[in-house]
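1. Please work out how this folds:
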Amino acid sequence: MPAVSKGDGMRGLAVFISDIRNCKSKEAEIKRINKELANIRSKFKGDKALDGYSKKKYVCKLLFIFLLGHDIDFGHMEAVNLLSSNKYTEKQIGYLFISVLVNSNSELIRLINNAIKNDLASRNPTFMCLALHCIANVGSREMGEAFAADIPRILVAGDSMDSVKQSAALCLLRLYKASPDLVPMGEWTARVVHLLNDQHMGVVTAAVSLITCLCKKNPDDFKTCVSLAVSRLSRIVSSASTDLQDYTYYFVPAPWLSVKLLRLLQCYPPPEDAAVKGRLVECLETVLNKAQEPPKSKKVQHSNAKNAILFETISLIIHYDSEPNLLVRACNQLGQFLQHRETNLRYLALESMCTLASSEFSHEAVKTHIDTVINALKTERDVSVRQRAADLLYAMCDRSNAKQIVSEMLRYLETADYAIREEIVLKVAILAEKYAVDYSWYVDTILNLIRIAGDYVSEEVWYRVLQIVTNRDDVQGYAAKTVFEALQAPACHENMVKVGGYILGEFGNLIAGDPRSSPPVQFSLLHSKFHLCSVATRALLLSTYIKFINLFPETKATIQGVLRAGSQLRNADVELQQRAVEYLTLSSVASTDVLATVLEEMPPFPERESSILAKLKRKKGPGAGSALDDSRRDPSSHDINGGVEPTPSTVSTPSPSADLLGLRAAPPPAAPPAPSGAGNLLVDVFSDSPAAQPGLGPSPEEAFLSELEPPAPESPMALLADPAPAADPGPEDIGPPIPEADELLNKFVCRNNGVLFENQLLQIGVKSEFRQNLGRMYLFYGNKTSVQFQNFSPTVVHPGDLQTQLAVQTKRVASQVDGGAQVQQVLNIECLRDFLTPPLLSVRFRYGGAPQSLTLKLPVTINKFFQPTEMAAQDFFQRWKQLSLPQQEAQKIFKANHPMDAEVTKAKLLGFGSALLDNVDPNPENFVGAGIIQTKALQVGCLLRLEPNAQAQMYRLTLRTSKEPVSRHLCELLAQQF
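-> Numbers count the residues shown, from 1 in each chain. Below is the predicted model of the structure:
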């Protein structure tokens, strides 16, 4: 930039700033500012024309006053006039004022745009750079529309100066980030890639930033950048610090450009060209080799630059996950950092090794550092480093070291920070279950977990141990004996009482032969804890007592005395009072056979994945998924503990850009059913969380479902199946959907109840409920005439491949519907995989002898299987960035079809199934949501952002998921609602 002469010092500005600094009070400062504002206003309104220097000086004073926090409501026109000056300092101050004070809605924007166009066309590199900086600083949509087509031409023009190219690249990047739809892709895209070969390193650095952003949206347009990026990286890595003197930072050649090139390469898979791949591998090896060399400087800046390149190199190696030698070398290099004196390096090394542990090539290499990681868990001062050490132990765990790692984590749990105790508890519970060969060890571990950190043991953990004990005959006796001994401790956590109450109520008879654990002793031990427990636990213990009456008739009189006590029959809590009354009556009235039938032992739970995994992944995000990948390394780990492990089809190697929520196969939480027979198993399938204690009555929502016939509990799908499902006709047997079918379907995207179809003959109503990947729908067919419908036959049809994606079981309905009558049909639905087309509902009948038929689209869309997910702002943005591949995002900008009401918008988003996250988006007018699409095969994490523009009556909707078809389909579904 041109040098500023002494004549441009603006002495008046310096004096004004000095006066402000010398003010003794806020009042004095305001008085001096008001005096100056009055002087400037009079100068601007005076008859005498001001010269460029005076305008510049007064505009500078206004800018300074604005930066002090005072409002400025004049002087904008004078600043715009400065843009036409041919003096650099005057033009610079004009652009600076405009960049800071002029908003995109200003009436002066047209004048400003004209001045900018003149400067861009002037071919004066200094003026062009000032104009480009102003466009980037303002970054409004209006400026984008005015200059988005001109800036690419300036960028790739052969006669553009290097400084102009650099500014143009960064300006275009700013506009693209603000309004991606305004930047047209065209011939310039191929030419901008070749800027990677530019001689000027500043141009290359700016171009890499631009290309990295553009290729995420249009990867095919920029795929030629891979070979050029490798070539440029190779030249930098192999150069000496003296070769790039102007871009060498503390003996490290071009560290920022190197990091940007490595990040650009992470946007693409490994190069297919053998020569390019060989050169890239050589570069990566060179970086790893240089990391072993002694430092050329003791300055911290040197080590920071060197390590930044090294860690980005390791990230690229992990991203490719195809070079075993490089993965092992990267692991060894990170292992050296585990004992480094710099805390940040230890943290980064642990974090990177967590990802390496999920690779089959480097898992064994990671395991060699187990002792160092355990030592870090014990001795690190920084809690965040200890947390990463716990994450790494969890990730590197397999059958060979499970007992050692679980033992160390339990030992650490006794002194762990309160902030991470719950997470450690979840990890210990998962590892103990996942790698349990001896189930007595598993029971001991979980009970020890409850003893050490009972307050942090969530319901998912102790529910899970009950499920496994119930399903494993060989461990029930040991579990009963162990929990009986644990309950004898003077201080016993309430969660231990819950586990003990359930296990002794089901399997206490297995240890009743020992006089030390006879039925009266078991009852006395449990009842001694009764008055110290919460209402929910006491309700569970009452269910245990009635079970004891069935298991041990000799305790009947004692237990009836407890139930008959006034503290129970007149308890202030209605749940306890009701249980006491009903259990007392049941034990008094029912015969032995009836009692044995009602209170029989709980059947095995349906085989499904542990709900603890889902809780950990919700808590941790992507980092929690690494342990799942052990199933790929250790095939024998499948079907452990009753088949609760994920299969290989639901598990894949995680990448930095995949599986945003870390929930590829997160299961529905499971709860022990109430001891009332198979009927409540249906309720359990639909339960969102194991909130009900074993033996508790159903909630109002569960009661809605429990009214239906309970099928035999053979499997989760069997729980849904109707004993005699109706035959499903083929798509060729029915006519096309009625013309308004899409419009009718669209009404139910954000709601579950309503009228699906109505004409002069027939009305079809819908009432539905969805939980996890299961749903239940009631269809109500109303005959609006006085004539009976004959041969009435509603059937559900699966077009195309929908049969493999969605299972729908239907109940038959009566073939005759009287005039004015209504019949109900129940549909049980299971989402097997993500699907795009809804099933069809074909209704046929005869009315007055004439055949009638119509085909509708059944209101079952993929968003019905949404599970809302809460997360903090930091977690949201971290996961949003990780879902950055172009195919993972769907975006739509559309005109509002309905009045833009914030409350209505919020209700629609909640009805769509997403959780709305507050205080996440910097703009409070925007809506941000998160959720999980639940299917039987896998789960798809989804993030969404809705940006309403009330002034333009437009919306911009952005959805990111780990599956491209799901992103597009959800975007289309939701956009139609506004």
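2. Tell me the pLDDT of residue 702.
-> On the pLDDT scale, residue 702 is placed at 36.
3. do residue 697 as well
-> pLDDT for residue 697: 37.
4. count of residues packed around the nearest residue to residue 742 once chain neighbours are set aside?
-> Nearest residue to residue 742, sequence neighbours excluded (C-beta to C-beta, 6 or more residues apart in numbering): residue 857, at 6.9 Å. Quick note: C-beta positions are derived from backbone N, CA and C, even for glycine. By other C-beta atoms under 10 Å, 22 other residues sit near residue 857.
5. Can you pull the phi/psi pair for residue 857?
-> Main-chain torsions, residue 857, degrees, to the nearest 10: phi -90, psi 120.
6. so who does it touch?
-> Residue 857 is in contact with 737, 741-742, 744-745, 838-841, counting by C-beta atoms under 8 Å, 6 or more residues apart in numbering.
7. Mind checking which of these are buried?
-> Buried by 16 or more other C-beta atoms under 10 Å: 737, 741, 744-745, 838-841, out of these.
8. Read off the pLDDT value for the nearest residue to residue 361 once chain neighbours are set aside.
-> Computed as C-beta to C-beta, 6+ apart, the closest residue to residue 361 that is not its neighbour in sequence is residue 324, at 4.0 Å. Listed pLDDT for residue 324 reads 87.
9. hang on, the earlier thing: ok, of the contacts of residue 857, which one's closest to residue 358?
-> The shortest approach to residue 358 among the contacts of residue 857 belongs to residue 838, at 36.7 Å (C-beta to C-beta).
10. For the closest one, list the residues it contacts.
-> Contact analysis of residue 838 by C-beta under 8 Å, 6+ apart lists 745, 857-861.
11. Dump these to TSV, plus pLDDT, secondary structure and distance to residue 366.
-> Formatted as TSV, the contacts of residue 838 follow (pLDDT from 0 to 100; DSSP: H, G, I helix; E, B strand; the rest coil; distance: C-beta to C-beta, whole Å):
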residue	pLDDT	secondary structure	distance to residue 366
745	88	helix	50
857	90	strand	51
858	91	coil	49
859	92	coil	49
860	92	coil	44
861	92	coil	43
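12. Switch these over to JSON lines; also include distance to residue 925.
-> Shown next, in JSON lines, are these (distance: C-beta to C-beta, whole Å):
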{"residue": "745", "distance to residue 925": "30"}
{"residue": "857", "distance to residue 925": "34"}
{"residue": "858", "distance to residue 925": "36"}
{"residue": "859", "distance to residue 925": "30"}
{"residue": "860", "distance to residue 925": "33"}
{"residue": "861", "distance to residue 925": "27"}
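13. ok, the residues you listed vs residue 248, which is closest?
-> Distance to residue 248 across the contacts of residue 838 (C-beta to C-beta) is lowest for residue 861, with 57.4 Å.
14. how near is the closest one to residue 957?
-> In this view, residue 861 and residue 957 are 16 Å apart by C-beta to C-beta, to the nearest Å.
15. what's the answer for residue 928, then?
-> Per C-beta to C-beta, residue 928 is found 12 Å from residue 957.
16. quick one: common contacting residues for those two?
-> Taking C-beta under 8 Å, 6+ apart as the criterion, residue 928 and residue 957 both touch 944-946.
17. In strands, which of those residues appear?
-> With strands defined by DSSP state E, the entries of the shared contacts of residue 928 and residue 957 inside them are 944-946.
18. quick one: which of those is nearest to residue 125?
-> Nearest to residue 125 out of these is residue 945 (C-beta to C-beta; 38.8 Å).
19. My understanding was that that closest one contacts residue 922; is that so?
-> No - between residue 945 and residue 922 there is no contact under C-beta atoms under 8 Å: 11.4 Å.
20. quick one, which of these two is more surrounded?
-> residue 945 (20 against 7).
21. that older thread, farthest pair within the buried ones among the contacts of residue 857?
-> So, the buried ones among the contacts of residue 857 by C-beta to C-beta: farthest apart are 744 and 839, at 14.0 Å.
22. Now do the strands in the stretch 201-350 of the chain.
-> Ranges of strands within the stretch 201-350 of the chain are 248-249, 252-253, based on DSSP state E, counting those that start in this stretch.
23. Buried ones in stretch 32-41, by neighbour count?
-> Buried, per 16+ other C-beta under 10 Å, within stretch 32-41: 33, 36-37, 40.
24. which among these gets closest to residue 111?
-> Nearest to residue 111 out of these is residue 40 (C-beta to C-beta; 20.7 Å).
25. Which strand or helix spans that closest one?
-> Residue 40 is part of helix 26-45 when elements are defined by DSSP states H and E.
26. What segments of the stretch 151-300 of the chain are helices?
-> Secondary structure of the stretch 151-300 of the chain (DSSP state H, counting those that start in this stretch): helices at 162-178, 188-193, 201-217, 225-237, 255-265, 274-292, 300-320.
27. Looking at those helices, spot the one closest to residue 758.
-> Short answer: helix 201-217, nearest of the helices of the stretch 151-300 of the chain by C-beta to C-beta, at 44.3 Å.
28. distance of residue 485 from residue 479?
-> 11 Å.
29. ok, now residue 553?
-> Residue 553 sits 24 Å away from residue 479, going by C-beta to C-beta.
30. and what of residue 203?
-> Distance from residue 203 to residue 479, by C-beta to C-beta: 69 Å.
31. List the contacts of residue 29.
-> By C-beta under 8 Å, 6+ apart, the contact list for residue 29 reads 20, 23, 68.
32. out of the residues you listed, who's nearest residue 216?
-> Nearest member of the contacts of residue 29 to residue 216, counting by C-beta to C-beta, is residue 68, at 40.4 Å.
33. Surely that closest one is in contact with residue 33?
-> Yes - here residue 68 lies in contact with residue 33, judged by C-beta under 8 Å, at a distance of 7.3 Å.
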